[in-house]
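S.K.: Got a predicted structure here, sequence first:
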Amino acid sequence: MENRKKPGAWERSEAFTRITCSSSKCSAQLSTKRTSFKHKYVVCGSGSIISYHSANSIDIAATAASSNAAHQKAAVIVSRMIAHMPSTYCHTLASRAQVGVFTKAESMAVYPDYAYMADRPECRGICSGSCSSTCTFDGRKWSTTAGSGGRLASILDDNLLCDSQDPYRHGFNVLIHEFAHTIHGYALDGSMKSRGTRKGTSNLVQRYSKGIETVKHGKCKIYQSKVINSSKFDLETPCNNHQCSNEMAERRHIYDKDRELYNILAWVYDSNQVSQPGNLATCI
């Protein structure tokens, strides 16, 4: 049986923004009600987005309540992240993982993978004992988070839409971050995974071309500013606006400051064809 880690297990220090709700409907409860899902598929190699399942395609699921626009944006983000990935990694990913879009009223617990994480009446305000599965490591309810990594990379529709309800206020793309955890856990072979982990880079399987990593003292922390091109790579020395003024400048900064990190990311995401633009952003 596959050994699954709980969402977030690859980055225990991450602090998600809590989804705030003013009505009881936002407090997701474990339910036996059947939820219907709609699907798009991203094809390895081409990155094409199709409406039917085919071999070596990644399933982008969305609840019926999620908007079509959010569903499409999730597929576009995944397409851009895997379009140039080595086929072995992508095919492995397609066979083992998927993406799931949910609404605030549903929470990620709407997906069978995460149903055990739904809050329950007897667990209101409690994270110990039998209620531990309803909480993150730092005491927040999973039902209030905007996404998670794991076999199923889940994502709140408002964050994809960058709308007025986005808990990150257009400052952080949760799916890019969480799908990177999924790639690390479910696409990479043991050799590549351990190569990254030796450097403390389990979180570095993130789209390096977009200014969303900070690496300091051998450990990676994800960073995004409201304007993605002003993001910093604090690789011992800061990456200022001039150094990271565009995608290629951002890549160059990582190349100059941490060659091994650069090589890992260049291979995992671009098959070493590093002149290819990533075309990712905080808001797609």
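M.R.: Good, I have the coordinates. Numbering: from 1, shown residues only.

S.K.: Now Val101: which helix or strand?
M.R.: Using DSSP states H and E, Val101 sits within strand 98-102.

S.K.: same for that strand, what does it pack against?
M.R.: strand 57-63, helix 68-82, strand 152-156, helix 157-161, helix 174-186 (3 or more CB pairs under 8 Å, 6 or more residues apart in numbering; DSSP states H and E). Bear in mind the C-beta positions are built from the backbone N, C-alpha and C, glycine included.

S.K.: Can you list the strands that that strand pairs with?
M.R.: According to DSSP bridges, strand 98-102 forms sheet pairs with strand 57-63 (parallel), strand 152-156 (parallel).

S.K.: which one of these lies closest to Glu106?
M.R.: Nearest to Glu106 among those is strand 57-63 (5.8 Å), distances taken as CB to CB.

S.K.: contacting residues around the closest one?
M.R.: Residues from elsewhere that reach strand 57-63 (CB atoms under 8 Å, 6 or more residues apart in numbering): 35-44, 49-50, 53, 70-71, 74-75, 78, 82, 90, 93-94, 97-103, 106, 110-111, 157.

S.K.: separation between Glu106 and His184?
M.R.: For Glu106, the distance to His184 (CB to CB, to the nearest Å) stands at 26 Å.

S.K.: my bad, Ala109
M.R.: 23 Å.

S.K.: Over to Ser54?
M.R.: 25 Å.

S.K.: how about Ala94, what does it touch?
M.R.: Contacts for Ala94 were tallied using CB under 8 Å, 6+ apart; they are 44, 56-58.

S.K.: Val110: neighbour count?
M.R.: By the criterion of other CB atoms under 10 Å, Val110 has 24 neighbours.

S.K.: what's the angle from the strand holding Val101 to helix 174-186?
M.R.: Per axes from the mean of the first three to the mean of the last three CA atoms, to 10 degrees, the angle that strand 98-102 makes with helix 174-186 is 150 degrees.

S.K.: Roughly how far does the spatially most central residue of the chain sit from Leu160?
M.R.: Centroid-nearest residue in the chain: Glu178, 1.6 Å away (criterion: CA atoms, centre = their mean). Glu178 is 12 Å from Leu160, where distance means CB to CB.

S.K.: cool, Met248 as well?
M.R.: On the measure of CB to CB, Met248 and Leu160 end up 26 Å apart.

S.K.: circling back: let's see the ChimeraX selection covering just the buried ones among the contacts of strand 57-63.
M.R.: Only the buried members of the contacts of strand 57-63 end up in this ChimeraX selection, burial being decided by 16 or more other CB atoms under 10 Å:
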select :40,41,42,43,44,49,70,71,74,75,78,82,90,93,94,97,98,99,100,101,102,103,106,110,111,157
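
S.K.: what's the offset of stretch 177-190 from the middle of its chain?
M.R.: Centroid displacement of stretch 177-190 relative to its chain, using CA atoms, centre = their mean, to the nearest Å, is 9 Å.

S.K.: What pLDDT does the model give Lys219?
M.R.: On pLDDT, Lys219 comes in at 30.

S.K.: Helices of the stretch 1-150 of the chain, start to end?
M.R.: For the stretch 1-150 of the chain, applying DSSP state H, counting those that start in this stretch gives helices covering 68-82, 87-96.

S.K.: how about JSON lines for those helices, with mean pLDDT and distance to Arg124 added?
M.R.: Listed next are those as JSON lines, based on pLDDT from 0 to 100; distance: least, CB to CB, whole Å:
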{"stretch": "helix 68-82", "mean pLDDT": "96", "distance to Arg124": "29"}
{"stretch": "helix 87-96", "mean pLDDT": "97", "distance to Arg124": "35"}
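
S.K.: and of these, who's closest to Thr144?
M.R.: helix 68-82 (18.7 Å).

S.K.: For that closest one, which helices and strands make contact with it?
M.R.: Looks like helix 68-82 contacts strand 37-43, strand 49-50, strand 57-63, strand 98-102, helix 157-161, helix 174-186 (3+ CB pairs under 8 Å, 6+ apart).

S.K.: and the second one, what's its mean pLDDT?
M.R.: In other words, strand 49-50. Here strand 49-50 scores 98 as its mean pLDDT.
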